[in-house]
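Novice: Need a 3D model of the sequence below.
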Amino acid sequence: MTSNERSAQGGDPVCWVNRVCPECGRFADDETVDSDDPRCAECGAELSV
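Specialist: The predicted structure is shown next:
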């Protein structure tokens, strides 16, 4: 696949999936991901990042 073909596909890489809360779907920011106990800022669910 060429770089032009990749850019034509668009979208974010699949690796962002681990930042989505399994309970409410909120996206975790860098500060949350880097913390010792990553939890969703919206619902408090534990994140597996």
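Novice: any idea how far Thr32 is from the residue nearest in space to the middle of the chain?
Specialist: For the chain, Arg19 is the residue whose C-alpha lies nearest the centre (Cα atoms, centre = their mean; 2.5 Å). In this structure, Arg19 and Thr32 are 8 Å apart, going by Cβ to Cβ, to the nearest Å. For glycine as for every other residue, the C-beta is placed from the backbone atoms N, C-alpha and C.
Novice: between the two, what contacts are shared?
Specialist: Both Arg19 and Thr32 are contacted by Leu47, under the criterion Cβ atoms under 8 Å, 6 or more residues apart in numbering.
Novice: Do I have it right that the residue nearest to the centre of the chain meets Gly25?
Specialist: No - checked against Cβ atoms under 8 Å, the pair Arg19 and Gly25 is beyond contact range at 10.8 Å.
Novice: Got phi/psi on the residue nearest to Cys21 when sequence neighbours are not counted?
Specialist: Distance criterion Cβ to Cβ, 6 or more residues apart in numbering; nearest residue to Cys21, sequence neighbours excluded, is Cys40 at 4.0 Å. Dihedral pair for Cys40: phi -60, psi 130, per degrees, to the nearest 10.
Novice: can you pull the contacts of Cys40?
Specialist: Taking Cβ under 8 Å, 6+ apart, one finds Cys21, Glu23, Cys24, Arg26, Ala28, Thr32, Leu47 in contact with Cys40.
Novice: I'd like to know how many residues surround the closest residue to the second one other than its chain neighbours.
Specialist: Nearest-residue entry for Glu23: Ala45, 4.0 Å, with adjacent residues in sequence omitted and distances by Cβ to Cβ, 6+ apart. The number of residues packed around Ala45, counting by other Cβ atoms under 10 Å, is 14.
Novice: dump the residue contacts of Ala45.
Specialist: Cys21, Pro22, Glu23, Cys24, Arg39.
Novice: at 7 Å instead, please
Specialist: Neighbouring residues of Ala45 by Cβ atoms under 7 Å, 6 or more residues apart in numbering: Cys21, Pro22, Glu23, Arg39.
Novice: quick one: it and Thr32, what's the gap?
Specialist: Per Cβ to Cβ, Ala45 is found 11 Å from Thr32.
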